[in-house]
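# fold the following.
(one chain, ligands or ions: 4)
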Amino acid sequence: YQAKRDRTGVEVYESKRDSNTPDRLGLLGDLRRALDAHEVQLHYQPKVRFDGQVAGLEALVRWVHPERGRVPPDEFIAIAESSGLMPHLTEYVLETALGQVAEWRAQGLFVPVAVNVSPRDVHIPGFAGSVAARLARHGVPAGALQLEITEHVLLEDPQRAADTLNALTGHGVRMSLDDFGTGYSSLVHLRRLPVSELKIDRSFVARLAVDAEDAEIVRCTVDLAHSLGLLVVAEGVEDDETWERLRDLGCDAVQGWLVAAAMPPEETTAWLLARGSRGWQRPAAVLPATA
Ligand code: C2E
Ligand code: MG
Ligand code: MG
Ligand code: MG
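Ligands and ions are numbered 1, 2, ... in the order given. Modelled structure (predicted):
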């Protein structure tokens, strides 16, 4: 493998993208052990509304390999998906996230958490029931959990996927459609999936302020989502101008480095406590002068 250093000086693992290299198999074994040893962590990134209120947190998995350094989620999730380890990883993430939600609730922090699930998970028999049982075990109401899915869930057996998702929403779990616009997006998919939120992919948000076509795509997506009664979240918001454009386009909430990157649990707790009921405020320096 090759390693380079990222901005924070942490080593970042970069694989050659072929599928069954010894390297990849080694990583798979290491991931399996890391899950058993609880070395895989969750970080949390806020979703905030334009009035600053925290709409929720997204749990994002983080793995620092003892020798290779930080392995990007996209890398090891692909490995987990192609190897059959994915259900185990998802159980681990759900278990960790719900434990954290319960802990926050005990501290008076009633913030919903979104967990990413892979298409595979949705096709596991009994998935909806196992999520409901896990919620009950942690004493967490279903409304405090959101699951982020992508349209890829409909590729395999659309009817079975829809049944599972309907069972989940029947339990009170909210569904969010992630990375919208990147794959097989179509109105048919949108109508078929019982989602209450749509997330516009970062690839459209990133250049929103400078690219008229991207701006148009975002505008249409927001309007489409609203006409279907869905909330719209924009991901990857990094600067003020993008924030303002999204607000003007009627987007409901944003996620991105402008607000906060994904943070470890303790830092997230501090972030939530510091904001309290005030919510997130843009730094004073960038607010328009009012006096
Ligand atoms: P995603 O669910 O679309 O998550 C958004 C990704 O964008 C995250 O990358 C997040 O750290 C990054 N991001 C957030 N704000 C910004 C920003 O302002 N600028 C830029 N450039 N990036 C931003 P991350 O954490 O590397 O995760 C990548 C993907 O891996 C996720 O995309 C998701 O599909 C997957 N993933 C992460 N955690 C899990 C998990 O627990 N289970 C599953 N199945 N997939 C996961
Ligand atoms: Mg997501
Ligand atoms: Mg996304
Ligand atoms: Mg994305």
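# just the C-alphas of the top helix by length along the chain, formatted as CSV.
Secondary structure of the chain per DSSP state H: the longest helix is helix 86-106. Extracted C-alpha coordinates of helix 86-106, given in CSV (Å, rounded to 0.1, in the frame of the first residue of the first chain):
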residue,chain,number,x,y,z
MET,A,86,-21.0,-5.3,6.0
PRO,A,87,-23.9,-6.6,8.2
HIS,A,88,-21.4,-6.9,11.0
LEU,A,89,-20.1,-3.4,10.5
THR,A,90,-23.7,-2.0,10.3
GLU,A,91,-24.6,-3.8,13.6
TYR,A,92,-21.6,-2.3,15.2
VAL,A,93,-22.4,1.2,14.0
LEU,A,94,-26.1,0.9,15.0
GLU,A,95,-25.1,-0.5,18.4
THR,A,96,-22.5,2.3,19.0
ALA,A,97,-24.7,5.1,17.7
LEU,A,98,-27.8,4.0,19.8
GLY,A,99,-25.6,3.7,22.9
GLN,A,100,-24.4,7.2,22.3
VAL,A,101,-27.9,8.5,21.7
ALA,A,102,-29.1,6.9,25.0
GLU,A,103,-26.2,8.6,26.8
TRP,A,104,-26.9,12.0,25.3
ARG,A,105,-30.6,11.6,26.2
ALA,A,106,-29.6,10.8,29.8
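# does that helix reach ligand 1?
Yes: shown here: helix 86-106 in contact with ligand 1 (Cβ under 6 Å from any ligand atom) through V93. C-betas here are computed from N, CA, C, even on glycine.
# pull out the buried positions in that helix.
86-87, 89-94, 96-101, 104-105 (16 or more other Cβ atoms under 10 Å).
# got a list of contacts for that helix?
When contacts are defined by Cβ atoms under 8 Å, 6 or more residues apart in numbering, helix 86-106 is touched by residues 31-32, 35, 40, 42, 44, 59, 61, 77, 80, 110-113, 115-118, 120-121, 124, 131, 134-135, 137-140, 144-145, 265, 269, 272.
# and those, which of them are buried?
31, 35, 40, 42, 44, 59, 61, 77, 80, 111-113, 115-118, 120-121, 131, 134-135, 138, 140, 144-145, 265, 269, 272.
# surely L273 and V111 touch.
No: contact between L273 and V111 fails when scored by Cβ atoms under 8 Å: they sit 11.0 Å apart.
# near ligand 2, which of the contacts of helix 86-106 show up?
Restricting these to those touching ligand 2 (Cβ under 5 Å from the ion) yields N116.
# can you pull the contacts of T268?
Going by Cβ under 8 Å, 6+ apart, T268 touches 43-44, 57.
# in which helix or strand would I find it?
Here T268, judged by DSSP states H and E, is contained in helix 265-275.
# what angle separates that helix from helix 86-106?
Angle between the axes of helix 265-275 and helix 86-106 is 40 degrees (criterion: axes from the mean of the first three to the mean of the last three Cα atoms, to 10 degrees).
# and helix 265-275, what's its mean pLDDT?
The average of the pLDDT scores along helix 265-275 is 94.
# spell out which parts of the stretch 51-200 of the chain neighbour ligand 1.
Within the stretch 51-200 of the chain, the positions near ligand 1 by Cβ under 6 Å from any ligand atom are 60-61, 72-74, 77, 93, 116-118, 148, 178-179.
# now for E67, how many residues are close by?
9 (other Cβ atoms under 10 Å).
# on that earlier part again, so of the buried ones among the contacts of helix 86-106, which ones are in helices?
Filtering those for helices - DSSP H - leaves 31, 35, 77, 80, 120-121, 131, 134-135, 138, 265, 269, 272.
# for those, give me JSON lines that also has distance to S203.
Formatted as JSON lines, these follow (distance: Cβ to Cβ, whole Å):
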{"residue": "L31", "distance to S203": "27"}
{"residue": "L35", "distance to S203": "30"}
{"residue": "I77", "distance to S203": "18"}
{"residue": "A80", "distance to S203": "23"}
{"residue": "R120", "distance to S203": "24"}
{"residue": "D121", "distance to S203": "24"}
{"residue": "V131", "distance to S203": "29"}
{"residue": "R134", "distance to S203": "33"}
{"residue": "L135", "distance to S203": "33"}
{"residue": "H138", "distance to S203": "35"}
{"residue": "P265", "distance to S203": "29"}
{"residue": "T269", "distance to S203": "31"}
{"residue": "L272", "distance to S203": "29"}
